[in-house]
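Engineer: Any chance you can model this:
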Amino acid sequence: MEIDNLSLTASDDEVKYLISQHEVSIQRLDAEMDSLMLEIRRLQFRKSQHVDQIRLCKGRITLARRLPPELLANIFERCARDGWTRTPLTVSHVCSEWRKATEIPSVWSYLYVNLDTTDPYGKTDFWLRNAKAAPLHIQLEVQADTSHLNSIVDMFALRANQWKSFKRIIPPSEDCTFYDTGRRDQPHHGDTHSRLARVCEDTPSLQTLTISRNILPTPGTIPQHVPSLVLDLRGYRAPVFIPIEALLHLLQDLPHLQSLAITTPRDQPQAIIRTLADPLRIVALPDLHSLTVVGANEIFVLLSHLQLPQLRRISLCSSEDPLPYPHTIVGPALCQLLQQADVPLERLELYDLDLSSDDFVTCARHAPVLQELRLHESDITDDCLRGISRHCKNLNSLDLRWCGQIWGRELVELVRSRTVEEGMVPIECVTIINCSHMQEQDIFDLAEVTVCRLVMRDIDDYCFPFGCCSNERYRRRFHLRQLERGFRVGKSRRIIL
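Structural biologist: Numbering: from 1, shown residues only. Sure, this is the predicted structure:
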């Protein structure tokens, strides 16, 4: 009986015989399939070897492998500067060329020490040995565990001449000073922090001191030779109180300060105590050229108590929601600051702060060398902007974001007029983001006479972490419109998307 034919009259023995024959055939087929699968796996393995070799060959000719170590080190250093402090460790595991670049000491310049992590002393020692004699940018975070603080301070003291910047993050406390932990159950730590204060005094290369805590430092504890001071006074858990009197007392001991940045608690206007023993008190900072103040509107009272004859850049940022009317504190205080003397102000930045038209023009009148004006969420009008233009003949850059009262045609005419008026510096760049009365044709017309930006400047832009001015969808649509219109290459380069 054939294996493929089964008669209806076949006996049981014949059927069993056919089943056994089919089972034998299946076993042969399984064996053949196993042999073929083995061959497939062997071929797949050979294929993977070729793929690996191709990847290796491509890796040897890729741009990242062909960059010189010095350029790679510069890139890694910038990553560390922007907050990726583990960059040297991460990139050293990528390839031998990148590992070679991490042998350059400057890659290890940015050091973050958190005393609550495992073995902070060993990590710090490893980092400093790799940094060798490179300048150091140190960030020290002190939380609950201070058992390694003494030994780490000793390491820092040995390299005091390498300090370029120092940031101290301290947990909130009610009555501790910059060099105290505020923990009354550990009084012996006071000696350590006092020593750290003395180390700061002996750091001739220290350029920037950052204090991140919710209480003002005690006057006299900040080294007078430090040119740049950053005070981050935002509270972490409890409300804080910042007397303007105490802030002025702190600043009067720093006559050589060149750059000052103050950040106060968000949405806590009651935290600012405006009462002064002498309402007319003025603190002079004769060398200060850069001032940044971020916080609730009450903090801007500080401006009316400062004398800054060398001020070149001022940035004022409100942490509160924008008001539908001009701020009653900021405008008069800023005018009073600029009226004390015609300061050489070159850049004025106002974020979510609005002035009246009169205050805008008054500020412009006392800032005749103003070169750059940056406004965010402002109701400045076309007439007011023209008034500023008349007083500021050196104005060459405008950055307008969320300015709903600026009309595109008026802005185009203003920029054009400065290219032909005698004694006026032409506007070299105009940034337009989310201004409701700016039409596409206005942007094309602006590109005829100047560079027109529809995008934020860079990662250092104040709006970068908030995403309020990313403008991505509009920029994408605008780029497509450019292609549809066949915009000429020479002009398209003057529109930065």
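Engineer: doesn't Ala261 make contact with Ser212?
Structural biologist: No - using Cβ atoms under 8 Å, Ser212 is not in contact with Ala261, being 11.5 Å away. In short, each C-beta sits where N, CA and C put it, glycine included.
Engineer: so where's the stretch 301-450 of the chain uncertain?
Structural biologist: Applying pLDDT under 70 to the stretch 301-450 of the chain flags residues 341.
Engineer: what about 90?
Structural biologist: The stretch 301-450 of the chain contains residues with pLDDT under 90 at 318-329, 339-343, 354, 419-423, 436, 440-441, 444, 447-448.
Engineer: so where do the helices sit in it?
Structural biologist: Using DSSP state H, counting those that start in this stretch, the helices of the stretch 301-450 of the chain run over residues 330-339, 357-365, 382-391, 408-420, 440-449.
Engineer: Flag every buried residue along the second one.
Structural biologist: When neighbours are counted by 16 or more other Cβ atoms under 10 Å, the buried residues of helix 357-365 are found to be 357, 359-365.
Engineer: I'd like to know which elements that helix is packed against.
Structural biologist: With contacts taken as 3 or more Cβ pairs under 8 Å, 6 or more residues apart in numbering; DSSP states H and E, helix 357-365 sits against helix 330-339, helix 382-391.
Engineer: just how off-centre is the helix ranked longest in the chain within its chain?
Structural biologist: Assignment by DSSP state H gives helix 12-61 as the longest helix of the chain. Remark: helix 12-61 is offset 56 Å from the chain centroid, using Cα atoms, centre = their mean, to the nearest Å.
Engineer: What's the first helix or strand after it?
Structural biologist: Note on helix 12-61: by DSSP states H and E, the next helix or strand toward the C-terminus is helix 63-66.
Engineer: Contacts for that following helix, please.
Structural biologist: Residues outside helix 63-66 that contact it (Cβ atoms under 8 Å, 6 or more residues apart in numbering) are 59, 72, 95, 97-98.
Engineer: Now the two most distant members of the residues you listed.
Structural biologist: Within the contacts of helix 63-66, Gly59 and Leu72 form the most distant pair, 14.4 Å apart (Cβ to Cβ).
Engineer: which one of the two has more residues nearby?
Structural biologist: Using other Cβ atoms under 10 Å as the criterion, Gly59 and Leu72 rank with Leu72 on top: 20 against 13.
Engineer: rewinding a little: just the contacts of helix 63-66 now: which is nearest Arg457?
Structural biologist: Leu72 (25.2 Å).
Engineer: dump the residue contacts of that closest one.
Structural biologist: By Cβ under 8 Å, 6+ apart, the residues touching Leu72 are 64, 97-98, 101.
Engineer: Verify the stated contact: Thr87 with Ile75.
Structural biologist: No - taking Cβ under 8 Å as the definition, Thr87 is not a contact partner of Ile75, at 9.1 Å.
Engineer: For those two, work out which one has more neighbours and name it.
Structural biologist: Legend: neighbour count by other Cβ under 10 Å for Thr87 and Ile75, higher for Thr87 (21 against 16).
Engineer: what separates that one from Phe126, distance-wise?
Structural biologist: Thr87 is 15 Å from Phe126, where distance means Cβ to Cβ, to the nearest Å.
Engineer: go on, Arg159?
Structural biologist: When distance is defined by Cβ to Cβ, Arg159 is 14 Å away from Phe126.
Engineer: And for Lys58?
Structural biologist: Per Cβ to Cβ, Lys58 is found 33 Å from Phe126.
Engineer: if we can go back for a sec, now the helices and strands packed on helix 357-365 in TSV, with distance to Pro265?
Structural biologist: Converted to TSV, those look like this (distance: least, Cβ to Cβ, whole Å):
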stretch	distance to Pro265
helix 330-339	18
helix 382-391	32
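Engineer: Name the stretch among these that sits most buried.
Structural biologist: helix 330-339 (a mean of 20; mean count of other Cβ atoms under 10 Å).
Engineer: quick one: which of the contacts of Leu72 is most hemmed in?
Structural biologist: Among the contacts of Leu72, the one with the most neighbours (other Cβ under 10 Å) is Ala101, at 25 neighbours.
Engineer: what pLDDT does that one get?
Structural biologist: Ala101 carries a pLDDT score of 91 in this model.
Engineer: re earlier: so between Lys58 and Phe126, which is more surrounded?
Structural biologist: Phe126 (13 against 10).
Engineer: Run through the neighbouring helices and strands of the helix or strand containing the more buried one.
Structural biologist: Under the criterion of DSSP H and E, Phe126 resides in helix 120-131. Applying 3+ Cβ pairs under 8 Å, 6+ apart, we find helix 120-131 packed against strand 110-114, helix 149-158.
Engineer: want to throw those into a markdown table with mean pLDDT and distance to Phe166?
Structural biologist: A markdown table is the format used below for these (pLDDT from 0 to 100; distance: least, Cβ to Cβ, whole Å):
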| stretch | mean pLDDT | distance to Phe166 |
| --- | --- | --- |
| strand 110-114 | 91 | 10 |
| helix 149-158 | 86 | 9 |
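Engineer: Quick check, Asp342 in contact with Cys363.
Structural biologist: No - using Cβ under 8 Å, Asp342 is not in contact with Cys363, being 11.4 Å away.
Engineer: Any idea how many residues pack against Val153?
Structural biologist: Neighbour count for Val153, taken as other Cβ under 10 Å: 15.
Engineer: How about Arg86?
Structural biologist: Using other Cβ under 10 Å, Arg86 has 11 other residues around it.
Engineer: what bits of the stretch 101-250 of the chain have low per-residue confidence?
Structural biologist: Ranges of the stretch 101-250 of the chain meeting pLDDT under 90: 114-119, 133, 139-226, 232-246.
Engineer: which residue ranges form the helices in it?
Structural biologist: According to DSSP H, counting those that start in this stretch, the helices that the stretch 101-250 of the chain contains are 120-131, 149-158, 189-201, 244-251.
Engineer: Check the ones you listed for me and report the most buried one.
Structural biologist: Stretch with highest mean neighbour count among these: helix 244-251 (a mean of 19; mean count of other Cβ under 10 Å).
Engineer: Need the mean per-residue confidence for the longest helix of the chain.
Structural biologist: For helix 12-61, the mean per-residue pLDDT is 89.
Engineer: where's Ser106 relative to Ala131, distance?
Structural biologist: 8 Å.
Engineer: wait, Trp163
Structural biologist: From Trp163 to Ala131 the distance is 11 Å (Cβ to Cβ).
Engineer: Same check on Ser417?
Structural biologist: From Ser417 to Ala131 the distance is 54 Å (Cβ to Cβ).
Engineer: I'd assumed His376 was in contact with Cys463.
Structural biologist: Yes - in this structure, Cys463 is within contact of His376 by Cβ under 8 Å, at 7.0 Å.
Engineer: Look at these two and report which has more neighbours.
Structural biologist: A direct count of neighbours by other Cβ under 10 Å for Cys463 and His376 places His376 higher, at 24 against 17.
Engineer: Could I get the contacting residues of the more buried one?
Structural biologist: Shown in contact with His376 (Cβ under 8 Å, 6+ apart): 350-352, 401-402, 462-463, 469.
Engineer: swap the cut-off to 10 Å and go again
Structural biologist: Going by Cβ atoms under 10 Å, 6 or more residues apart in numbering, His376 touches 317-318, 322, 349-354, 399-403, 433-434, 462-463, 468-469.
Engineer: do Thr90 as well
Structural biologist: If you count contacts by Cβ under 10 Å, 6+ apart, Thr90 has them with 76, 79, 84, 98, 102.
Engineer: Go through the residues you listed and single out the one with the most neighbours.
Structural biologist: Result: Phe76 is most packed of the contacts of Thr90 (other Cβ under 10 Å), 24 neighbours.
Engineer: Look up how far Val107 lies from that one.
Structural biologist: Distance of Phe76 to Val107, given as Cβ to Cβ: 5 Å.
Engineer: In a markdown table: the helices of the stretch 101-250 of the chain, plus distance to Ala333.
Structural biologist: Below are those laid out as a markdown table (distance: least, Cβ to Cβ, whole Å):
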| stretch | distance to Ala333 |
| --- | --- |
| helix 120-131 | 43 |
| helix 149-158 | 39 |
| helix 189-201 | 32 |
| helix 244-251 | 11 |
